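>>> can't give you the sequence, but here's the structure:
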Ligand SMILES: Nc1ncnc2c1ncn2[C@@H]1O[C@H](COP(=O)(O)OS(=O)(=O)O)[C@@H](OP(=O)(O)O)[C@H]1O
Ligand SMILES: Nc1ncnc2c1ncn2[C@@H]1O[C@H](COP(=O)(O)OP(=O)(O)O)[C@@H](O)[C@H]1O
């Protein structure tokens, strides 16, 4: 605890909110290259959970970068800070009793480990969207890969900046082999046990 800051104890706890919601809260953190399918699968998963009455919220790289992380670049240091801020916010959402779905490239193992430490490993589900670079580049949904190859975008993940694949993700999805719908169903099944709340 920092000097001159005294922790405030809240009267309503995470446990109270969990009991009210009748499900556990957690962060489902999607990592993968640009265009791998993170946002597509994360969005469908949120819809699926929401339909079942689960309290959810989505955090997405592009959206966070126009607000909370406005002004941050794609340098190693700024990605680190971006991922740290997201993790701190996600931690608050978990405390609020919400299943928080986040989609960020989060390319470095160290930064994802930092996020796990901030949020708590027991509250963290890591989903690796393992779509090969060639496929992401072929899709080129936003035209960024072409620009990165031409040197118009610097530090582009997979082209001129590293992506360190997770070694032990909770779930791995290869979108060449699995449709978004299939991936969502598999994730939904995996989450059933984790969401369970026993009085
Ligand atoms: N240089 C560079 N490298 C990678 N991505 C870039 C870059 N410049 C802009 N973009 C766009 O920013 C989105 C990724 O932001 P994130 O916050 O998820 O990235 S990170 O976790 O901080 O690495 C990413 O979104 P997605 O395509 O949805 O992954 C890109 O659209
Ligand atoms: N099985 C799949 N799962 C997810 N996305 C897929 C799949 N097959 C093709 N796609 C397409 O790949 C693109 C992925 O884009 P997006 O979800 O924005 O990726 P990211 O958020 O990782 O940048 C979308 O155009 C989507 O329709």
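In hand now; what should we look at? Model, not experiment: these values are computed from the prediction. Ligands and ions are numbered 1, 2, ... in the order given.
>>> What is the least confident helix or strand in the chain?
Ranking every helix and strand in the chain by mean pLDDT, DSSP states H and E puts helix 61-64 at the bottom, with a mean of 90.
>>> Any residue of it touching ligand 1?
Yes - residues of helix 61-64 are located near ligand 1 by C-beta under 6 Å from any ligand atom, namely 61, 62. Every residue, glycine included, has its C-beta placed from N, CA and C.
>>> Please renumber the chain so that the first residue is 49 from this point on.
Shifting the count to begin at 49 puts that one at helix 109-112.
>>> residues of that helix that come out buried?
109, 112 (16 or more other C-beta atoms under 10 Å).
>>> repeat for stretch 104-117
104, 106, 107, 108, 109, 112, 113, 117.
>>> Where does the residue nearest to the last one when sequence neighbours are not counted fall, secondary structure wise?
Nearest non-adjacent residue to residue 117, counting by C-beta to C-beta, 6 or more residues apart in numbering: residue 130, 4.5 Å away. Secondary structure from DSSP states H and E places residue 130 in helix 124-143.
>>> how far out from the middle of the chain is that helix?
10 Å (C-alpha atoms, centre = their mean, to the nearest Å).
>>> Tell me which other helices or strands it touches.
Judged by 3 or more C-beta pairs under 8 Å, 6 or more residues apart in numbering; DSSP states H and E, the packing partners of helix 124-143 are helix 62-69, strand 74-79, strand 104-108, helix 109-112, strand 147-151, helix 157-167.
>>> weakest of these in terms of mean pLDDT?
Ranked on mean pLDDT, the bottom entry among the helices and strands packed on helix 124-143 is helix 109-112, at a mean of 90.
>>> other SSEs contacting that helix?
Using 3+ C-beta pairs under 8 Å, 6+ apart, helix 109-112 is in contact with helix 124-143.
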